[in-house]
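Colleague: when you get a sec, could you give me coordinates for this:
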Amino acid sequence: MFWNYYLSVLSFVLFCAGCKSDQNADLIITNANLYAVDTIYQGATAIAVKDGIIISIGSDDEIRKLAGKDAKEINGQGNFVMPGFIE
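Modeller: Coordinates of the predicted model:
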């Protein structure tokens, strides 16, 4: 019984180690006033975008950590930003 548990945990750890995702954003928008419907994101000032999809919302410092080396940074200058709508 112990070995089954040990093997299951080991398999899970090895599986998770191989699941590293590429979270390098190609566009970040910082210093913005974000519209966030979810209360978790209220107070957020930055957005990270990869391939046209928002991958993260947070503070300027948190989002800058996700920027790839060739990422474009747009200063929102405190302006209002909200996600686009798809028709």
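Colleague: tell me the contacts of the spatially most central residue of the chain?
Modeller: Nearest to the mean C-alpha position of the chain, by Cα atoms, centre = their mean, lies S56 at 2.5 Å. The contact partners of S56, taken as Cβ atoms under 8 Å, 6 or more residues apart in numbering, are Q23, A25, I47, A48, E62, I63, L66. Quick note: C-beta positions are derived from backbone N, CA and C, even for glycine.
Colleague: return whichever strand or helix holds it as CSV; C-alpha atoms alone will do.
Modeller: Of the helices and strands defined by DSSP states H and E, S56 is found in strand 53-58. Listed next in CSV are the C-alpha coordinates belonging to strand 53-58 (Å, rounded to 0.1, in the frame of the first residue of the first chain):
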residue,chain,number,x,y,z
ILE,A,53,-4.5,36.3,-25.5
ILE,A,54,-4.4,37.8,-22.0
ILE,A,55,-2.3,35.5,-19.9
SER,A,56,-2.1,37.4,-16.7
ILE,A,57,-3.4,40.5,-14.8
GLY,A,58,-1.6,42.0,-11.8
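Colleague: elements contacting the helix or strand following that strand?
Modeller: Sequence-wise, the next helix or strand downstream of strand 53-58 (DSSP H and E) is helix 60-64. Other helices and strands packing on helix 60-64, by 3 or more Cβ pairs under 8 Å, 6 or more residues apart in numbering; DSSP states H and E, are strand 25-30, strand 46-50, strand 53-58.
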